[in-house]
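[1] Structure of the sequence below:
(chains A and B)
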Amino acid sequence: MKNDEIVKISGLVKRFPIGGGFFTALNGIDLSFRTGEFAGLVGPSGSGKTTLLNIIGSLDGPTEGSAVVLGQSVRELSQKKAARLRKESLGFIFQTYNLLPVYTVFENVEFPLLLLEMSAGERKQAVLDALEWVGLSDKIKSRPAQLSGGECQRVAIARAMVKKPVLVLADEPTANLDAANSHNILQTMEKLNRELKTTFIFATHDDKVIQYLHRQISLEDGRVVRDEQK
Amino acid sequence: MIAFKLAFRNLIGAGLRTWLNVGVLAFILIMIIWHYGIIDGWNRMAIRDMIAWEIGGGQIWTEGYDPYDPFTLEDSHRVLPQSFIEEINKGNMAPVLITQASIYPGGRIMSILLKGIEPSQKVCELPTNKLIGDYQEIPAIIGASMARDSKLNIGDYITVRWRDVDGTFDASEAIIVGVFHCDVPAVDNGQMWIPIDRLQKMTQMPGEATLLITARDYTWTGEESGWVLRDHDYLLQEMREMIRVKKVGGSVFYIILMLLAMLAVFDTQVLSIFRRQKEIGTYMAMGMTRGQVVRLFTVEGAMHAILASVLGAIPGIPFLIWMSKVGFTMPAGSDSLGMAISETIYPVYSIGLVISVMLIVVITTTLVSFLPSRKISKMNPTEAIKGKLQ
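    Model prediction:
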């Protein structure tokens, strides 16, 4: 791996058992991502983009080939080491926000820092900073049910960014948002990418997201069909 | 520590669902402690009253005497040996002669035990001093329960019929000179106490007794042919067994209550894991291991019991302290149970009792919470994140 290469995927194959046989979701993927990229896996439903994102996020493992994330082979990671990798270096943004419903905005954003066992003072400052990045400083006591979809996704971004991860994986982050909120979210993420040099990898088929991407990797039937820098 | 912090947040955040479970558990916790306190209080009071009113420091029975077999009474009397007479004179023993008799209150026949006792005795709390006096009739004292059953009161005359040592029937008038209140049925129900010298004359058993009650601070260590020592272990054995059975009977009731509460906690846990799959997936995505998530859900369940202990303490401590001061009034008719039971029982709550009940509830709740949480360890995080049922 080169110095600034944070993800290196070689000959990656992922098959899922289905009925009596197998469904091949990813078929011979070769890719790499460098620090600070704002890249997207683009393709129709079933093209394998979420599966690839899950493997990069060490939530799933490859059937064949290798995926090396921050110098660690996902295939060889134990459950504990994979959890540590996610805890310390990765941030996740989901289509349905996945906020913890009984927590306030502050507590949701604070959650990853609790897992890192940061002191209360450090946690508070980091959460306030993260909420300021996404423009939600006035909502710290609100619960997810009291927020709009756009606000929920901004909380999710703050939660992903609060520990300043090396890599953020965003799976269809704008799928549940209207155009205005989608642009707002994407501008926020682009700003964070620019200012904090955090690498963003999206899985999307939304044109609004695609127009913000600096690199677009098109997938079809589990294969990379195009990889272009903008 | 993190598991406790997060579990606490989750529980508080879950609102009414948490407080319903916690409320039920707190109620059960207080009820169990209260119940065991009543049983322990009853146990102590019963033992104290039996010692005070009936058995003193122990009893010495004539060989063959069986209080539950009236046929043994005919032969269960012996002349008191000199060594006993010396102890009686020192106030260390009180002789009791027992015979069967009949009385006729309100024109009906009633079988009783006629018990002769030394009026000046001080080894038990029977108010036998009321028997002292120059009465033409037989002076008698009876317990309140006996007075109620026979409708006799102080100053009433009653015909008593008995058989002497040769089996000859005789009868005479007795006068009730005292009615005493005590919680020990064995000195009250169906019994009439008269001076022992009168009964010895009536039955033609001079100088004889059926048993001796020893003083509470006196232990008889001698040996006399035809007499056997019955110590506290022997005399209280039956009462202790009855209380143990009552305790076990009560436990069954509380086990059922506990099962209902555990069912509520189990149900909440199963429902949580079913409904919170997306949350579980999110925990894993953010860096928690499956083991940590299982631990979190187990602690969440177990904290119901911890919160119940804290919440239960708010009304529970003042309630239990108040109960131990004012006591628990037994329902009418409890004195017919046939065992020592006072009108008011003062519960006794020991630290050991409170801690052991709390531990049982916490451990049971933890176990019940752990069982459904194990399912998490088999979950696929990528499916869980999407909230797909597994």
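[2] where in chain A is pLDDT low?
    Chain A contains residues with pLDDT under 70 at A:1-3.
[3] and stretch B:174-184, what's its mean pLDDT?
    Stretch B:174-184 carries an average pLDDT of 92.
[4] which element is residue 158 on?
    By default, I'm working from chain A. helix A:149-161 (DSSP states H and E).
[5] could you do chain B instead?
    Counting by DSSP H and E, residue B:158 is found in strand B:157-163.
[6] how about the CA coordinates for the helix holding residue A:158, as PDB?
    Only the C-alpha atoms of helix A:149-161 are listed here, as PDB (Å, rounded to 0.1, in the frame of the first residue of the first chain):
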ATOM      1  CA  GLY A 149     -35.300  14.200   8.200                       C
ATOM      2  CA  GLY A 150     -32.600  16.700   7.100                       C
ATOM      3  CA  GLU A 151     -31.800  17.500  10.800                       C
ATOM      4  CA  CYS A 152     -31.600  13.800  11.600                       C
ATOM      5  CA  GLN A 153     -29.200  13.200   8.900                       C
ATOM      6  CA  ARG A 154     -27.100  16.200  10.000                       C
ATOM      7  CA  VAL A 155     -27.000  14.600  13.500                       C
ATOM      8  CA  ALA A 156     -25.900  11.400  11.900                       C
ATOM      9  CA  ILE A 157     -23.100  13.300  10.100                       C
ATOM     10  CA  ALA A 158     -22.100  14.900  13.400                       C
ATOM     11  CA  ARG A 159     -22.100  11.500  15.100                       C
ATOM     12  CA  ALA A 160     -19.900  10.000  12.300                       C
ATOM     13  CA  MET A 161     -17.500  13.000  12.400                       C
END
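[7] Specify the angle between whichever helix or strand comes after it and helix A:149-161 in degrees.
    Moving toward the C-terminus from helix A:149-161, the next helix or strand (DSSP H and E) is strand A:167-171. Here strand A:167-171 runs at an angle of 150 degrees relative to helix A:149-161 (axes from the mean of the first three to the mean of the last three C-alpha atoms, to 10 degrees).
[8] Need the contact partners of the longest helix along chain A.
    Criterion DSSP state H: the longest helix present in chain A is helix A:179-196. Outside helix A:179-196, the residues that touch it by C-beta atoms under 8 Å, 6 or more residues apart in numbering or on different chains are A:36, A:38, A:133-135, A:148-150, A:153-154, A:157, A:161, A:164, A:168, A:170, A:173-174, A:177, A:198-200, A:206, A:208-209, A:212. Yep, even glycine has a C-beta here, placed from its N, CA and C like the rest.
[9] same for the strand holding residue B:158, what does it pack against?
    strand B:93-103, strand B:138-143, strand B:169-180, helix B:196-203 (3 or more C-beta pairs under 8 Å, 6 or more residues apart in numbering or on different chains; DSSP states H and E).
[10] now the angle between strand B:169-180 and the last one, please.
    So the one you mean is helix B:196-203. 160 degrees.
[11] Can you point out the buried residues in the longest helix of chain A?
    Within helix A:179-196, the residues scored as buried using 16 or more other C-beta atoms under 10 Å in any protein chain shown are A:181-186, A:188-189, A:192-193.
[12] Which pLDDT value goes with the residue nearest to residue B:125 when sequence neighbours are not counted?
    Excluding the flanking residues, the one nearest residue B:125 by C-beta to C-beta, 6 or more residues apart in numbering or on different chains is residue B:52, at 4.8 Å. Looking at residue B:52, its pLDDT is 92.
[13] try residue B:331
    Looking at residue B:331, the pLDDT reads 64.
[14] Next, the contact list for the residue nearest the centre of chain A, please.
    Centroid-nearest residue in chain A: residue A:169, 1.2 Å away (criterion: C-alpha atoms, centre = their mean). By C-beta under 8 Å, 6+ apart, the contact set of residue A:169 is A:53, A:56-57, A:90-93, A:201, A:203.
[15] next one: residue A:120
    Per C-beta under 8 Å, 6+ apart, neighbours of residue A:120: none.
[16] And it, how close does it get to residue B:287?
    Here the criterion is C-beta to C-beta, to the nearest Å. By it, residue A:120 lies 19 Å from residue B:287.
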